[in-house]
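Q: Here is a sequence together with a model predicted from it:
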Amino acid sequence: MDGAFFARDTVEVARALVGVLLVHGSPEGRTVGRVVETEAYLAEGDPASHAHRGPTPRNASMFARAGTAYVFRSYGLHRCLNVVTAAAGVGEAVLLRALEPLAGLELMARRRGREGARSLCSGPGKLAQAMGVGLEHDGACLLSGDLRLHVPSAGPRPKLAAGPRVGISKAVDLPLRFRLAQSPFVSRS
DNA sequence: GGAATGATGTACT
DNA sequence: GTACATCATTCCG
């Protein structure tokens, strides 16, 4: 796993990230999930992106180098995890929307305060909560550190379904959302 | 300085 | 399907 994986076309990265493992080793324990749903946020022609109007204090890490985490607070209480893509300074990223929980399910359930493997990580806010991702991870490197992405060395290319993104009011029609076909762990809608 | 607005999730009808 | 929690950031005056 190296930075080159992320330092290329953002839509390609969004597709390639499906199937990648997200691993968090915390004092509480280790949690692992497989990415099953992503969304790309682009620099040009994408008014739904936080980076659309250029750098601000909040989105600063979107302009850092590829492989950096961009974590933001959503609706005052949730958190969402993105991976910065493309060349440094461009301001593109991929939102991780859903995971298939693989390890540390009990810890995920405890963090979430509810049971049900199906709904532990089936949404960007749930995923961040279950994996213990917080604003302290904003700006962190996802190639090394306590929170990491890991590409399985081999394996068949997963079958993807593309569609419109969720929860936005602008650029609603762009097909920039990708998910693992037939996975029961994707977010609803 | 003030007001609007979310890259959401849950509960309730 | 609809309602609402909850607050920092952003934009406008």
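A: Arrived safely, thanks for sending.
Q: residues near residue A:171, how many?
A: Residues near residue A:171, counting by other CB atoms under 10 Å, number 17. Glycine gets a C-beta too; all of them are placed from N, C-alpha and C.
Q: Can you say which helix or strand has it in it?
A: Counting by DSSP states H and E, no helix or strand carries residue A:171.
Q: I'd assumed residue A:47 was in contact with it.
A: Yes. In this structure residue A:171 lies within contact range of residue A:47 using CB atoms under 8 Å: 5.4 Å.
Q: Take stretch A:141-153, keep the C-alpha atoms, and write them as PDB.
A: Provided in PDB are the C-alpha atoms of stretch A:141-153 (Å, rounded to 0.1, in the frame of the first residue of the first chain):
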ATOM      1  CA  CYS A 141      -2.100   9.800   7.000                       C
ATOM      2  CA  LEU A 142      -4.100   6.700   6.200                       C
ATOM      3  CA  LEU A 143      -1.000   4.800   5.000                       C
ATOM      4  CA  SER A 144       0.600   4.700   8.400                       C
ATOM      5  CA  GLY A 145      -0.700   5.300  11.900                       C
ATOM      6  CA  ASP A 146      -3.500   3.900  14.000                       C
ATOM      7  CA  LEU A 147      -6.100   4.300  11.200                       C
ATOM      8  CA  ARG A 148      -5.100   2.700   7.900                       C
ATOM      9  CA  LEU A 149      -6.300   1.500   4.600                       C
ATOM     10  CA  HIS A 150      -5.000  -1.800   3.300                       C
ATOM     11  CA  VAL A 151      -5.300  -3.200  -0.200                       C
ATOM     12  CA  PRO A 152      -5.600  -7.000  -0.200                       C
ATOM     13  CA  SER A 153      -2.700  -8.300  -2.300                       C
END
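Q: which other residues reach that stretch?
A: Residues outside stretch A:141-153 that contact it (CB atoms under 8 Å, 6 or more residues apart in numbering) are A:1-3, A:5, A:17, A:19-26, A:67-69, A:83, A:131, A:133, A:137, A:140.
Q: From the residues you listed, which land in helices?
A: Counting by DSSP state H, those place A:17, A:131 in helices.
Q: Are any of the contacts of stretch A:141-153 buried, and if so which?
A: Among the contacts of stretch A:141-153, those scoring as buried are A:1, A:5, A:17, A:19-24, A:67-69, A:83, A:131, A:133, A:137, A:140 (criterion: 16 or more other CB atoms under 10 Å).
Q: interface residues of chain A facing DNA strand B?
A: With the criterion set to CB under 7 Å from any atom of the strand, chain A comes near DNA strand B through A:39, A:41, A:48-51, A:62, A:70, A:74-78, A:80, A:82, A:93, A:95, A:112, A:114, A:119, A:123-127, A:165-169, A:187.
Q: Report the beta-bridge partner residues of residue A:72.
A: residue A:80 (DSSP bridges).
Q: now do residue A:147
A: residue A:24.
Q: Mind telling me which residue of chain A is nearest DNA strand B?
A: Chain A approaches DNA strand B most closely through residue A:167 (1.8 Å), counting by CB to the nearest atom of the strand.
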